[in-house]
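1. Fold the stuff below for me.
(2 chains)
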Amino acid sequence: GNSVTQMEGPVTLSEEAFLTINCTYTATGYPSLFWYVQYPGEGLQLLLKATKADDKGSNKGFEATYRKETTSFHLEKGSVQVSDSAVYFCALSGGTSYGKLTFGQGTILTVHP
Amino acid sequence: EAGVAQSPRYKIIEKRQSVAFWCNPISGHATLYWYQQILGQGPKLLIQFQNNGVVDDSQLPKDRFSAERLKGVDSTLKIQPAKLEDSAVYLCASSSPGRNTEAFFGQGTRLTVV
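-> Predicted structure coming up:
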């Protein structure tokens, strides 16, 4: 079946540091890949997505590239801010329903001033 | 546009009691999902509805969990009887009809079973 593995967390960074959160997946066929973010006290929000190999999703300075050869979808940001502190989830969808998701375990990011 | 509404936000019950959660999806969204998020884990899909029909309930523990979506709009998820391991956040999400449409999540209901 489908599965998603995220890097062990939590991650603590200083403001303006570079961020990488690793994500690898196992799936049959050609899944679509997502990063969701959960800010304190809020619901899950879609951060970015990529629907085919070599696609790059980007939003709010975050980027992730769909690498089929390494089955990875690592999240990166060049300069994090305190407001980026949240829990980040990597997820995949194996079909055409983007709501039917398999999530990773989540990575807690804390950014200090 | 109003988001996905869930209630209650928090619920504490004793084991073996029953509990129900309510979800009102975004207007016009035909597809509705219930997820269970145990502390420290990612959300896990419990059930998916398309209008008022069940599309996938393979991960729903049917001996104690039930869900319905009357008239293809609001949905209720029930647990009876609750166990300690049911302590989790229960998330509702909805998406509009068609292929490749984004799912929008509610804030969830945090259930604590003591």
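2. Angles on the backbone of B:Leu84, please.
-> Dihedral angles of B:Leu84 (phi, psi; degrees, to the nearest 10) stand at phi -60, psi -40.
3. what pairs with the nearest residue to it once chain neighbours are set aside across the strands?
-> Among residues not flanking B:Leu84 along the chain, B:Val113 sits closest, at 5.2 Å (CB to CB, 6 or more residues apart in numbering or on different chains). To be clear about C-beta, it is placed using only N, CA and C from the backbone, and glycine gets the same treatment. Going by DSSP bridges, B:Val113 is paired in beta bridges with B:Ile13.
4. same check, this time on A:Thr107
-> Here A:Thr107 sits in beta bridges with A:Tyr88, going by DSSP bridges.
5. Near it, how many other residues are there?
-> A:Thr107 has 21 neighbours, counted by other CB atoms under 10 Å in any protein chain shown.
6. Hmm, A:Gly9 and it touching each other?
-> Yes. Between A:Thr107 and A:Gly9 there is a contact under CB atoms under 8 Å: 4.0 Å.
7. Kindly list the main-chain dihedrals of the spatially most central residue of chain A?
-> A centroid search over chain A (CA atoms, centre = their mean) returns A:Trp35, at 3.3 Å, as the residue closest to the centre. Backbone torsions of A:Trp35, given as degrees, to the nearest 10, read phi -120, psi 130.
8. so who does it touch?
-> The contact partners of A:Trp35, by CB atoms under 8 Å, 6 or more residues apart in numbering or on different chains, come to A:23, A:46-49, A:57, A:62, A:64, A:73, A:75, A:88-91.
9. Please, which helix or strand holds the residue lying closest to B:Lys83 once chain neighbours are set aside?
-> Leaving out its chain neighbours, the residue that sits closest to B:Lys83 by CB to CB, 6+ apart is B:Lys15, at 5.9 Å. B:Lys15 is part of no helix or strand, with elements assigned from DSSP states H and E.
10. On the pLDDT front, check B:Lys15 for me.
-> B:Lys15 carries a pLDDT score of 97 in this model.
11. before we move on, what about B:Val113?
-> 98.
12. quick one, strands of chain B?
-> In chain B, the segments counted as strands under DSSP state E are B:5-7, B:10-13, B:19-24, B:31-37, B:44-50, B:53-56, B:65-68, B:75-79, B:88-95, B:104-105, B:109-113.
13. now chain A
-> Counting by DSSP E, chain A has strands at residues A:3-6, A:11-14, A:19-21, A:23-26, A:32-38, A:44-50, A:56-59, A:62-65, A:75-77, A:86-93, A:102-103, A:107-112.
14. who's in contact with the longest one?
-> With CB under 8 Å, 6+ apart as the contact definition, strand A:86-93 has outside contacts at A:2, A:4, A:6, A:21, A:23, A:25, A:27, A:31-40, A:44, A:47, A:73, A:75, A:99-104, A:106-109, B:42-43.
15. hang on, the earlier thing: what sits closest to the residue nearest to the centre of chain A if chain neighbours are left out?
-> Take A:Trp35 and drop its neighbours on the chain: the residue closest to it by CB to CB, 6+ apart is A:Leu47, 4.4 Å away.
16. how many other residues sit next to the nearest residue to B:Thr31 once chain neighbours are set aside?
-> Distances taken as CB to CB, 6+ apart place B:Ser95 nearest to B:Thr31, at 4.7 Å, with adjacent residues excluded. For B:Ser95, the count of nearby residues is 22 (other CB under 10 Å).
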